[in-house]
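Engineer: Sequence and predicted structure are below.
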Amino acid sequence: MDTTGAPLSGSLRERKQRETRQRIAEVALRLFLTDGYESTTLDAIAAAAGISRRTFFSYFKSKDDIILFGMEADSAELIAELLKTSPDVRPLDAVQDLLVKRIARHTTEEMTAIDNLMLSSESLLARKQAFYAKQEQALFLALREVWRQPERQSALRMVAMVSVGALRLALQAWREQTGQRKPATQFLRDAFEDLRAGL
């Protein structure tokens, strides 16, 4: 029901649920960054988001799910953009351009903070590895939608595999760099350039 006591329509209810989920995720991330991932309790997240602990579990099963929520939302947007790609573009070029654009949206500070969060939890690291496998499959399915020729299926599967691999190697190199830090986008471009040079 809304504030007048009238029942919410399906679309309004869904919008409010999305807004609540987003608010919980944003509040939780803020707490993770200030208080640490392990030190932040579900009760603290619920209180800061203005909800009960019980309501929290209507949206997320765990703290890990909150971190994965942001990653999955970002991945879903990338897939949606890929599906709009012209089939005249080379698949590998299309994926590279979209990955670079997605990463460029985040500041180095944001990426460093999230990366440190992921490294602080064994369970998050395990979920991150599973996420990469899921992202690879989603990429492949989207590539098949754009480039529909049956004879290209194997090549498209390889594009999905090597693209996620290039992303992982680029982010690892970015994390391990010393001295004056280069942006993650540069490492990603370099990874795809190395990939093409090695083919």
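Structural biologist: Thanks, I have it.
Engineer: can you list the weak-confidence ranges in this protein?
Structural biologist: 1-10 (pLDDT under 70).
Engineer: Nearest residue to the residue positioned nearest the centre of the chain in space, please, no chain neighbours.
Structural biologist: Nearest residue to the geometric centre of the chain (Cα atoms, centre = their mean): residue 71, 2.1 Å. Counting by Cβ to Cβ, 6 or more residues apart in numbering, residue 71 lies nearest to residue 131, which is 5.8 Å off, once chain neighbours are set aside. Yep, even glycine has a C-beta here, placed from its N, CA and C like the rest.
Engineer: Ok, residue 148 next?
Structural biologist: residue 87 (7.7 Å).
Engineer: isn't the residue nearest to the centre of the chain right next to residue 130, touching?
Structural biologist: No. Using Cβ atoms under 8 Å, residue 71 is not in contact with residue 130, being 10.9 Å away.
Engineer: just checking, residue 121 touches residue 36?
Structural biologist: No. Counting by Cβ under 8 Å, residue 121 sits too far from residue 36 to count as a contact (10.0 Å).
Engineer: Pull the residues that contact stretch 85-102.
Structural biologist: Here stretch 85-102 makes contact (Cβ atoms under 8 Å, 6 or more residues apart in numbering) with 74, 77-78, 81-82, 139, 143, 146-148, 155-156, 159-160, 162-163, 166-167, 185, 188-189, 192, 195-196.
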